[in-house]
Structure formats: structure tokens, C-alpha cells
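> this is the structure alone, sequence omitted:
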């Protein structure tokens with residue numbers, strides 16, 4: 001006697017099914033593989049469906065009530081606000097420090113840049129602050 005229980009394979013310690021022929025064991029393995037493959041396919045479909053729902057909810061939330069005229073008003077207000085705030089701060093800095101017209105020029109340009117950036121963010125052409133994994137709305141995906 002070799003000291004191991006009957007029916008155990010000496011290489012890996014596993015035991016053969018009692019009364020099972022190699023053909024039955026092979027067919028059970030094929031059925032098991034087919035079941036696992038089907039479960040994997042179903043899981044992949046559920047994951048894809050959840051991803052598409054999440055993406056559509058994100059896009060819908062971002063574009064909520066942003067149709068035609070409303071979108072144009074929002075974009076123009078974002079741009080005008082940046083320019084007006086920059087000009088106002090420039091005027092205040094010039095009055096306070098007596099640096100006419102340099103504060104107005106510099107801060108008006110900064111306000112213009114801020115307005116353009118706000119318009120790009122609203123239109124979806126630039127990422128929102130703190131947004132990771134950003135992809136542009138229209139165009140090829142970035143790698």
C-alpha cells in the first residue's frame with residue numbers, strides 16, 4: 001500500500017469521481033464550461049447596460065434644459081460675465097493703486113480668457129474643474 005486513500009491521484013491529491021468514466025467526466029466539464037461561459041456573457045451584458053445608463057444620465061444631467069435659445073443665453077452670459085468682472089476688478093485696482101490704465105488692461109484680458117474658458121466648459125469642449133477621465137462630447141476618444 002502506498003499510504004494514500006483509494007481513488008486519489010498522486011500528483012495533485014484530487015480524487016476521481018466514484019463510478020465515473022472519463023467520457024462522463026469530460027461531458028460534465030464541457031457542461032460546466034458552457035454554463036460558466038453563458039454566465040460570463042450575461043454579466044458582461046449587464047455591465048455594459050449599466051455603463052450606458054450611467055453615461056446617458058451624466059449627459060442628460062449636464063444638458064438638462066439646455067435647448068437652442070437657452071443654450072445660447074447661457075453661453076453668452078458666461079462670456080459676458082467674465083469680461084465684466086475682469087473689467088470691474090481692473091478699474092477698482094487702478095483706482096486703488098493709481099496705475100491707470102495697466103490694471104484695467106491686464107484684468108480685462110484675464111476676464112476675457114476666463115469668459116472663453118467658461119464658454120468652453122459649458123459647451124463640453126473643456127473639462128469641468130476636478131473632472132477626471134474627461135472625453136470631448138464630439139470627436140474621437142483620447143487615449
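Received, thanks. Treat the numbers as computed from the prediction; the structure is a model and nothing was measured. Numbering: from 1, shown residues only.

> drop to CA atoms for contacts and neighbour counts, all remaining ones
Fine.

> tally of neighbours for residue 111?
24 (other C-alpha atoms under 10 Å).

> same check on the one 10 residues further on?
When neighbours are counted by other C-alpha under 10 Å, residue 121 registers 16.

> contact partners for it?
127, 128 (C-alpha atoms under 8 Å, 6 or more residues apart in numbering).

> go on, residue 33?
Contacts of residue 33 by C-alpha under 8 Å, 6+ apart: none found.

> measure it to residue 122 for me?
Distance of residue 33 to residue 122, computed by C-alpha to C-alpha, to the nearest Å: 50 Å.

> what's the answer for residue 38, then?
As judged by C-alpha to C-alpha, residue 38 and residue 122 stand 43 Å apart.

> check residue 56 too.
Distance from residue 56 to residue 122, by C-alpha to C-alpha: 17 Å.

> out of the two, which sits in the more crowded spot?
Counted by other C-alpha under 10 Å, residue 56 and residue 122 do not tie: residue 122 has more neighbours, with 18 against 12.

> surely that one is in contact with residue 75?
Yes - counting by C-alpha atoms under 8 Å, residue 75 is a contact partner of residue 122 at 6.9 Å.

> what do those two both touch?
By C-alpha under 8 Å, 6+ apart, no residue touches both residue 122 and residue 75.

> what sits against residue 103?
Applying C-alpha under 8 Å, 6+ apart, the residues near residue 103 are 90, 91, 93, 94.

> again, only this time at 10 Å
Neighbouring residues of residue 103 by C-alpha atoms under 10 Å, 6 or more residues apart in numbering: 86, 87, 89, 90, 91, 92, 93, 94, 95, 97, 109.

> show me how the protein divides into domains.
If you go by automatic domain parsing, the domain ranges for the chain are 20-64, 66-129.

> would you mind finding the most buried of those domains?
Greatest average neighbour count among those goes to domain 66-129 (a mean of 17), per mean count of other C-alpha atoms under 10 Å.

> gap between it and the chain center?
How far domain 66-129 lies from its chain's middle: 28 Å, per C-alpha atoms, centre = their mean, to the nearest Å.
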